[in-house]
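# dropping the sequence and predicted coords here.
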Amino acid sequence: MYKHTDGYYYYTRTTGNNVTIWRSKTMSGIESGEKKVIWTPPTNNPNAANCQAIWAPEIHFLNNAWYAYYSATTCGDTDGYNHRMFVLENTNADPFQGTFTDKGKITDATDLWAIDGTVLNVAGQLYWFWSGWDSPYIYRQNLYVASMSNPYTLSSAKTLISSATYDWEITPDPLAPDVNEAPQPIVKGNKVNLVYSAYGSWSDNYNLGLLTASNTSNLLSAASWTKKNASIFSSGSGIYGPGHNSFTKSPDGTEDWLIYHAARFSGAGWTRNVRAQPFTWNADNTPNLSVPVSPNFPIRAPSGEPERKRYEAEEAKLANGAKRVQDETASGRKKVGYIDNANSYIEFDVTVASAGSYILLARTANGTSDPHATSTYNMTVNGGTSQVVDIAYSDWGNWGTTAIEKTLTAGHNKIRFTKGANYAEIDYLDVMLKP
């Protein structure tokens, strides 16, 4: 997630078959924000190097243009051996306008397996960090750096700066790779911090490590980098396998925020969600990420976001089987469940001062017996057209937030959630004016 000078947050994530970007003027509203598919794989070239398995895109604004970096592999690659990094460019000031053009593969002379590329600008010099192999078909992911002559061309040989050496980085399965991946740089004072992910992304033991260097040192020299001997962010508080992060600022610029993904439940593997929490700094200018915040511990909204008004589910109108239930993990220690019948619903009476676009944030939980089943509500505003609201599985008492953007009228608005597929519960509905 990147906060640009135009006041928007720009965000992208793995969709699998394209590169999609989202934007919103709030972090909380990014899920319901404007989105656009900016690139899809070529369909008329069976020999394309960027045919499928589109992973871990990032969006950057560099040298007055927008760049999207992503990894992909060849059409016939069923084992993932041919992954490489690619880059798209859009010279329009607004990335939702203009066209992203394919600038091709971004690689060093060895042209080996590569994923998770990112860019750092230090005093006008661009550096490319990525995760890759040191020889063909070897499951060992290292971190590398090279200099760049422009945002799509490397200008130096690669330098190996980190391999998995500590127990918290190394997977015990001899058939699984030892992993250092997803490097994310952030500079504080005179220190370049490179936070990276270790162990296996499919595991509850996925976690974040840290490399540091002076911003006046030669970042292309392995000797400039020091690895911290302990993980800086790992499973805890009911959060499993936190990793592959980014950093951003609150809307008013006063807070630093960590964005990361984690398993939706223990053993969930690649069934993940995206989470956010504020972080602070240590005296030595390294990030203090603390521990993951429990999904059942409400945190304050990012500083500078519009004020929210909360509507507790237990105070809403219930019908056709829906019930108020005591729950210590819920806001106000009550929730609404038993939305089990085809016509069961919960209806909130939401009052706003003026008509306009609003972001509705529903705190929900899905504990359907199938851990891969998505539950849904059918949502209406003032009896209008029904909209399906998806709620991914995370188990009962493991709350998540679903964001929906809707137009509300001045005064009272009836917002109804009726049972859809499978089963879900609701704790509250927060309402804020879209900036």
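Yep, it's here.
# every contact and neighbour count from this point should use C-alpha atoms.
OK.
# quick check, pLDDT for Asn47.
pLDDT for Asn47: 89.
# got any ranges where the stretch 201-350 of the chain has weak pLDDT?
The stretch 201-350 of the chain contains no residues with pLDDT under 70.
# the helices in it, which residues?
In the stretch 201-350 of the chain, no helices are defined using DSSP state H, counting those that start in this stretch.
# now do the strands in it.
207-214, 226-227, 240-249, 256-263, 272-281, 287-288, 309-312, 317-319, 323-326, 334-337, 345-352 (DSSP state E, counting those that start in this stretch).
# same list, those, but as CSV with distance to Tyr199 please.
CSV is the format used below for the strands of the stretch 201-350 of the chain (distance: least, C-alpha to C-alpha, whole Å):
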stretch, distance to Tyr199
strand 207-214, 7
strand 226-227, 15
strand 240-249, 9
strand 256-263, 13
strand 272-281, 16
strand 287-288, 20
strand 309-312, 39
strand 317-319, 46
strand 323-326, 39
strand 334-337, 37
strand 345-352, 43
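# go through the ones you listed and name the closest to Phe61.
Of all the strands of the stretch 201-350 of the chain, strand 240-249 sits nearest to Phe61, with 13.9 Å by C-alpha to C-alpha.
# so how far is the closest one from its chain's centroid?
Relative to its parent chain, strand 240-249 has a centroid offset of 7 Å by C-alpha atoms, centre = their mean, to the nearest Å.
# and that strand, which strands flank it?
With DSSP bridges as the test, strand 240-249 is paired with strand 256-263 (antiparallel).
# and the angle for the strand it pairs with with strand 207-214?
Relative orientation of strand 256-263 and strand 207-214, computed by axes from the mean of the first three to the mean of the last three C-alpha atoms, to 10 degrees: 140 degrees.
# for strand 256-263, output the C-alpha coordinates as CSV.
What follows is strand 256-263, C-alpha atoms only, in CSV (Å, rounded to 0.1, in the frame of the first residue of the first chain):
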residue,chain,number,x,y,z
ASP,A,256,3.3,4.8,10.7
TRP,A,257,1.3,1.8,9.8
LEU,A,258,2.2,-1.8,9.0
ILE,A,259,0.2,-3.6,6.3
TYR,A,260,0.7,-7.4,6.2
HIS,A,261,-1.1,-10.6,5.4
ALA,A,262,-1.7,-13.6,7.7
ALA,A,263,-3.5,-16.9,7.7
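# go ahead and name everything in contact with it.
1, 204, 239-250, 269-280, 289 (C-alpha atoms under 8 Å, 6 or more residues apart in numbering).
# how near is the one residue sitting closest to the centre of the chain to Pro295?
What sits nearest the mean C-alpha location of the chain, by C-alpha atoms, centre = their mean, is Val274, with 4.4 Å. Val274 sits 12 Å away from Pro295, going by C-alpha to C-alpha, to the nearest Å.
# list the residues that contact Pro302.
Counting by C-alpha under 8 Å, 6+ apart, the residues that Pro302 touches are 27, 250-251, 255, 278.
# same question for Pro172.
Taking C-alpha under 8 Å, 6+ apart as the definition, Pro172 has no contacts.
# now do the SS call for it.
coil (DSSP: H, G, I helix; E, B strand; the rest coil).
# for His244, see how far away it is.
21 Å.
# which stretches of the stretch 1-150 of the chain form strands?
2-3, 9-12, 19-24, 34-39, 52-62, 65-73, 84-90, 101-105, 114-122, 125-132, 140-150.
# paired strands for the shortest one, with orientation please.
What it means is strand 2-3. When DSSP bridges is applied, strand 2-3 pairs with strand 9-12 (antiparallel).
# next one: the strand it pairs with to chain centre, how far?
With C-alpha atoms, centre = their mean, you get 9 Å for strand 9-12.
# same check on stretch 251-259?
15 Å.
# one more: stretch 327-342?
27 Å.
# and it, end to end?
24 Å.
# what do you get for stretch 168-185?
End to end - C-alpha to C-alpha - stretch 168-185 spans 21 Å.
# what do you get for stretch 333-348?
OK, stretch 333-348 end separation, C-alpha to C-alpha: 18 Å.
# buried set for it?
334-340, 344-348 (16 or more other C-alpha atoms under 10 Å).
# same check on stretch 83-92?
So for stretch 83-92, counting by 16+ other C-alpha under 10 Å, buried means 83-91.
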